[in-house]
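[1] From the sequence below, what's the structure:
(chains A and B)
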Amino acid sequence: MRMLKFLLQKELKQIFRDPAIIIILFIMPTIQLLILPAAADYEIKNINLGVVDHDHSEYSRKMVEKITSSGYFRLRDYSPSFKQGLKAIETDKTDLILEIPANFERDLVKDNESTLFVAVDAINGVKAGLGGAYLQQILGDYNNEIRTQWIQNPRMSPQPTIDVTSSDWYNPNMNYKAFMVPGILVLLVTMIGSSFASNNIVREKEMGTIEQINVSPIKKYQFILGKLIPFWILALSVLTIGFIIARLVYGIVPVGSYFTVYAFASIYLVAVLGLGLLLSTYAQTQQQSMLVSFFVTMIFNLMSGLYTPIESMPGWAQWIARFNPVTYFIQVMRMVVLKGSSLGDIRVHIFIILGFALFFNTWAILNYRKRTG
Amino acid sequence: MQPVVVENIVQNYRTKKMVVEALKGISFTVDRGEIFGIIGPDGAGKTSLFRILTTLLLAESGKATVDGFDVVTDYKQIRNRIGYMPGRFSLYQDLSVEENLEFFATIFNTTIQQNYDLIKDIYQQIEPFKDRKAGALSGGMKQKLALCCALIHKPSVLFLDEPTTGVDAVSRKEFWEMLHRLKEQGITILVSTAYMDEASLCDRVALIQKGELLSVDTPKNIIGQFKKPLWAIRADEMYKLMNDIAADPAVESCYPFGQYHHVVFKTQEKRRQTLEEIAKGGEHAHVEIKPIEPNIEDCFMALMNN
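    Numbers count the residues shown, from 1 in each chain, chains lettered A, B, ... in the order given. Below you'll find the predicted structure:
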């Protein structure tokens, strides 16, 4: 015990003696948490619309009016031909062309149906997908409007319509920050957990100090605990700073209790630190360990369901996400912060993370050798 | 029981293309309380041998014991009773002198106070800088601190891997004086070095070259085995002189040594005349020839040529 206490003392002394580490550990996550959520807004606004109107009728004019008044679209181009409209897309002036055929109004009135053509610039996939979907929804609304105009006071609506109204549970205003900020916080804690501890151990390899440790009677577990505990504490401190920022800046107060999050985070960090430790047993230089942990956290972060729902990934990718500890912490974070889940609700997650912790640490300890050959 | 027994240790390093034979079956023993020097050029296998004896590296084959404990099976006991000072300075540069010492005392389950008398002489020299970070010390100071850290748990065998490499002449002398004081306290010291002149400071030396031991004996006996007369010669054009001498069939070897070339002939007889003739034939100016006593380096050269 005395040995462990002394190892921790030495480790913390070294960490706090390096001003760069303190800046990286505390200032960097703070800035990231202040900046990143602004970039992670999914709502697409200001889609630039080009219209090619061959009809020039009242209906077509009304329709364009309705689209622009939705707030999502800005009418940027009004071309006489599709060719010219396409030019506007090529020069990046517009994102989307709506082509209204000649006789649009006549066909609609006479045949009760007409077609429209929508061309989308798919260079930015998200913008294209959502822009197209918005436009279709607005056109659908418009369609219904005309129909109700035509059918004046029928006794029974000949066209049964299903009107869907939705209410967003747990996040009634669909405030994207409420689910992005906790998620980003998870990423920050993960990065600190996985790369700092591993770099620290590899540094001892580089400096040769690990040789001195290895010839001493110090036990493997003492050395490893001496490395893990300080970074476990640091990562939890970063989590705390993150919650303070979430509360002060974004007004996010978890519906559930902080205790649940910290309880889960404590186990989660053991898993992530174990991963870092594992990397460090293989890496020989800090450069190697940096690059590998960069690679791993990159995959973990993008496949965690933070930005895109896991359910929409292909089957094999969903399996990767299932073997990704970050996925579980993000789920837990959102469950607790938005829904108010308790420890009982996240027990499956806890068991899975315990499994990860056991797996990574066992592998790391088995692979950590005090001697070579 | 001898503190260090090495029997037929073999160690190879494998790269993709080739196998490097670092140690080709080495055997020797070290007596208690002696300073045993392992002397050889860079790449001779000194560090590999030290890493095997300090339980950091598993030898490919062969057997070795330290203080009667096997380096493979009883490594835990060995780690409690040896001190190891690696060739590269490997203390925590961002911890102070005192913190380093305290740290190494703790991981060996002891305290500075317990064994202070052992390191007192050395530590007093660096004590004025005890709050300075280890990284900010001079080379000689670093060595002293490293030695203190290796000694703090009162080891019975001390392994010093090239402790004087990169240290100035005065600090080197001081360092050897410290080793002799430690020896008086009954500590067995294994020290490796690439400096031949340090051989005479050891009680016994092992000359090592390309993973093989050339000779294990006292420095005196090794020099005593050098039977042939040795000549030192100098002239204005040293390089040409060496080529001229080496070309003579009677010459066994000729190698540069400081300002002179050392020359050994194949036969026992004294052949000042031959040297004079060579010098004359090559039209060398300011020629100086004198017979000299061999030193360890001459012996090493002779053993290497065999």
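[2] Only C-alpha atoms from now on, for both contacts and neighbour counts.
    Noted.
[3] for stretch B:220-236, the distance to its chain's centre please.
    Its chain's C-alpha centre and that of stretch B:220-236 lie 21 Å apart, by C-alpha atoms, centre = their mean, to the nearest Å.
[4] three-state assignment of A:Tyr307?
    Taken by DSSP: H, G, I helix; E, B strand; the rest coil, the conformation at A:Tyr307 corresponds to coil.
[5] interface residues of chain B facing chain A?
    Neighbours of chain A within chain B, by C-alpha under 8 Å from any C-alpha of the partner chain: B:54-60, B:76, B:79-80, B:84-86, B:88-92, B:94-95, B:103, B:106-109.
[6] what about burial for those residues, which qualify?
    With neighbours counted by 16 or more other C-alpha atoms under 10 Å in any protein chain shown, the residues of chain B next to chain A contain buried members at B:54-59, B:76, B:79-80, B:84-86, B:89-92, B:94-95, B:103, B:106-108.
[7] Name the residues of stretch B:174-192 that are buried.
    Residues of stretch B:174-192 classed as buried: B:175-176, B:178-180, B:182-183, B:187-192 (neighbour count, 16+ other C-alpha under 10 Å).
[8] Return the subset of the buried ones among the residues of chain B next to chain A lying in helices.
    Among these, the members found in helices (DSSP state H) are B:Lys76, B:Arg79, B:Asn80, B:Phe103, B:Thr106, B:Ile107.
[9] Confirm that B:Thr65 sits in a helix.
    No - according to three-state DSSP, B:Thr65 belongs to no helix; its state is strand.
[10] Would you check how far apart it and B:Gly87 are?
    Noted for B:Thr65: a distance of 22 Å to B:Gly87, by C-alpha to C-alpha, to the nearest Å.
[11] more neighbours, these two?
    A count of neighbours by other C-alpha atoms under 10 Å in any protein chain shown puts B:Thr65 above the other of B:Thr65 and B:Gly87, at 21 against 17.
[12] Surely the more buried one touches B:Gln77?
    No - the criterion here is C-alpha atoms under 8 Å, and B:Thr65 misses it with B:Gln77 at 11.0 Å.
[13] What sits closest to B:Ala105 if chain neighbours are left out?
    Spatial nearest neighbour of B:Ala105, chain neighbours left out: B:Thr111 (5.1 Å); criterion: C-alpha to C-alpha, 6 or more residues apart in numbering or on different chains.
[14] and that neighbour, how many residues sit next to it?
    B:Thr111 is flanked by 17 other residues according to other C-alpha under 10 Å.
[15] again with A:Arg74
    By the criterion of other C-alpha under 10 Å, A:Arg74 has 17 neighbours.
[16] for the nearest residue to it once chain neighbours are set aside, helix, strand, or coil?
    Spatial nearest neighbour of A:Arg74, excluding adjacent residues (C-alpha to C-alpha, 6+ apart): A:Asn48 at 5.0 Å. Under three-state DSSP, the three-state class of A:Asn48 is strand.
[17] List the contacts of A:Asn48.
    With contacts defined as C-alpha atoms under 8 Å, 6 or more residues apart in numbering or on different chains, A:Asn48 is in contact with A:Phe73, A:Arg74, A:Leu75, A:Arg76, A:Lys93, A:Thr94, A:Asp95, A:Leu96.
[18] follow-up on the earlier one: reformat the buried residues of stretch B:174-192 as TSV; add pLDDT.
    Shown next, in TSV, are these (pLDDT from 0 to 100):
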residue	pLDDT
B:Phe175	89
B:Trp176	91
B:Met178	89
B:Leu179	91
B:His180	92
B:Leu182	90
B:Lys183	91
B:Ile187	92
B:Thr188	94
B:Ile189	94
B:Leu190	94
B:Val191	94
B:Ser192	92
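[19] Tell me which residue in the stretch 201-306 of chain B sits closest to chain A.
    Relative to chain A, the nearest point of the stretch 201-306 of chain B is B:Gly211 (17.2 Å; C-alpha to the nearest C-alpha).
[20] Contacts only, for that residue.
    So B:Gly211 contacts B:Glu21, B:Ala22, B:Leu23, B:Lys24, B:Gly25, B:Ile26, B:Ala44, B:Gly45 (C-alpha under 8 Å, 6+ apart).
[21] Mind pulling up the pLDDT for it?
    What the model reports for B:Gly211 is a pLDDT of 88.
[22] List the buried residues for the helix ranked longest in chain A?
    Counting residues, the longest helix found in chain A (DSSP H) is helix A:220-248. By 16+ other C-alpha under 10 Å, the buried positions in helix A:220-248 come out as A:220, A:222-224, A:226-232, A:234-236, A:238-239, A:241-246.
[23] Much appreciated, bye for now.
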